[in-house]
Every structure is written in structure tokens, then in C-alpha cells.
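could you look at this predicted model? Sequence included:
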Amino acid sequence: MLTEEQKKFLLRLARESILAHLERREIALKDPTDQILKEKRGAFVTLHKKDALRGCIGYIKPYKPLLQTIKEMARAAAFQDPRFPSVTLKEIDDIYIEISILSELIPVSKEELDDITVGRDGLYIEGLYGSGLLLPQVAVEWNWDRETFLKETCHKAGLSANSYLDPKYQVYRFTAEIFSEEK
């Protein structure tokens, strides 16, 4: 669990990473010495503009140290999310940043699907023909029940709605530590 100071630093780091890219300069923040920020963690950076999604990209699994993940995913959300044009310097002040630090993925058997809790869990489905992830806050924002959340995760993966029941696909659940800048 991160402290409030560590959360604020990661939010500043995400914003600074985007700004440095826009201004074609190096990041002006020094990395803190906190060991927890150097641990490998999965994380997503989400950008919102006037309460609308403006970009969201992350690492599902813990490939890199958290500091590096946040720097890279902030830039990826701002400049590489194929659903949106790149963020511009003119709009950066209208954007607020949300970070989701993911727990480890927990496999969920078909018999354990009732253990999935909307509001606590995010979902990831993986199989031969696709994979997709929805963060825990998505089901809450859309007021979905468990079954709708599972079906929408399948849709996100480009799969048919009931693929979560197919033995060729593995469902995982995870929790996330979610924090954001003030709007």
C-alpha cells in the first residue's frame, strides 16, 4: 500500500512525463529512494478530460519497476492510445490523471465465478484468440452486475460475450490501488 506522499509523487511523475515529451525535454523530477516504487508492478495510467476518457494504457503484469511503468504508461496513454489523437500542450491543463496499481492476477475457475466482486475486482480474460482487461472502476462507473462485467470483458478482448464460460479461456481477477489528481 502506497502512502499519500508516494501517490502524489506518482501523479506528478505521470504529468511531468507527458509534459517533458510535449516540450521535448528530459523529465525534471528525481526518482525517490522508496523501495516500494522500485518494485515491479502492473499499472495503468488513465487520462480524463471533462469527465470523458482521453486515454488509458498499462501493463497488466509486473514487467518493470513502478517508477518506470508510470513514466512509460503516462506517455503511452497520452500519445499511443489508438482510440484518441495525441494529447496537445493546449489541452494538458484540462486533463486529470488517474493511476491504478494492480495486484497479482488470480486465476478464477468456472466454479469460482461467483467469487468475483464488482467494485473490488478487475477482470482479465486470456486465450488463444484474444485477451482483454477491464479495471475494477469500470464496472462501478457503468453500474454493471457480475455477469455484465464478465461479458463486457469478453467484448473488450474481441470475443463473444460468453467466452468466459469456454474452457479455452482463462479468467483472472485482480484488485487495484486507484488514485487520481483532483478535477
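Nice, thanks for sending it over. Numbers count the residues shown, from 1 in each chain.

and residue 172, bridged to which residues?
In this structure, residue 172 bridges to residue 107, residue 124 when assessed by DSSP bridges.

for residue 162, see how far away it is.
Distance, residue 172 to residue 162, using Cβ to Cβ, to the nearest Å: 17 Å. For every residue, glycine as well, the C-beta is placed using N, CA and C.

quick one: which of those two has more around it?
residue 172 (19 against 12; other Cβ atoms under 10 Å).

next, count neighbours for the nearest residue to residue 168 once chain neighbours are set aside.
The spatially closest residue to residue 168, leaving aside those adjacent along the chain, is residue 127, at 5.1 Å (Cβ to Cβ, 6 or more residues apart in numbering). By the criterion of other Cβ under 10 Å, residue 127 has 17 neighbours.

then residue 133?
Look at residue 133: counted by other Cβ under 10 Å, it has 21 neighbours.

and if you look at residue 44?
Neighbours of residue 44 under the rule other Cβ under 10 Å: 24.

mind showing which ranges of this protein have poor pLDDT?
Along the chain, segments meeting pLDDT under 70 are nowhere present.

and the end-to-end length of stretch 88-99?
20 Å (Cα to Cα, to the nearest Å).

and it, which residues are buried?
Residues 95, 96, 97, 98, 99 are the ones in stretch 88-99 that count as buried (16 or more other Cβ atoms under 10 Å).

run through who's touching it.
Applying Cβ atoms under 8 Å, 6 or more residues apart in numbering, the contact partners of stretch 88-99 are 7, 10-11, 14-15, 18-19, 22-23, 43-50, 54, 70, 74, 87, 178-183.

tell me which entries of the residues you listed lie within helices.
7, 10, 11, 14, 15, 18, 19, 22, 70, 74 (DSSP state H).

so what's the spatially most central residue of the chain bridging to?
With distances taken as Cα atoms, centre = their mean, the residue of the chain nearest its centroid is residue 44 (2.5 Å). Here residue 44 sits in beta bridges with residue 58, residue 100, as judged by DSSP bridges.

roughly how far does it sit from residue 181?
With distances taken as Cβ to Cβ, residue 44 is found 15 Å from residue 181.

please enumerate the strands of this protein.
Here the chain has its strands, by DSSP state E, at 43-49, 52-59, 95-102, 106-108, 122-127, 130-134, 169-174, 176-180.

residue 32 is nearest to which of those strands?
Evaluated over the strands of the chain, closeness to residue 32 peaks at strand 95-102, with 15.4 Å, by Cβ to Cβ.

and the angle for the closest one with strand 130-134?
Strand 95-102 runs at 110 degrees relative to strand 130-134, counting by axes from the mean of the first three to the mean of the last three Cα atoms, to 10 degrees.
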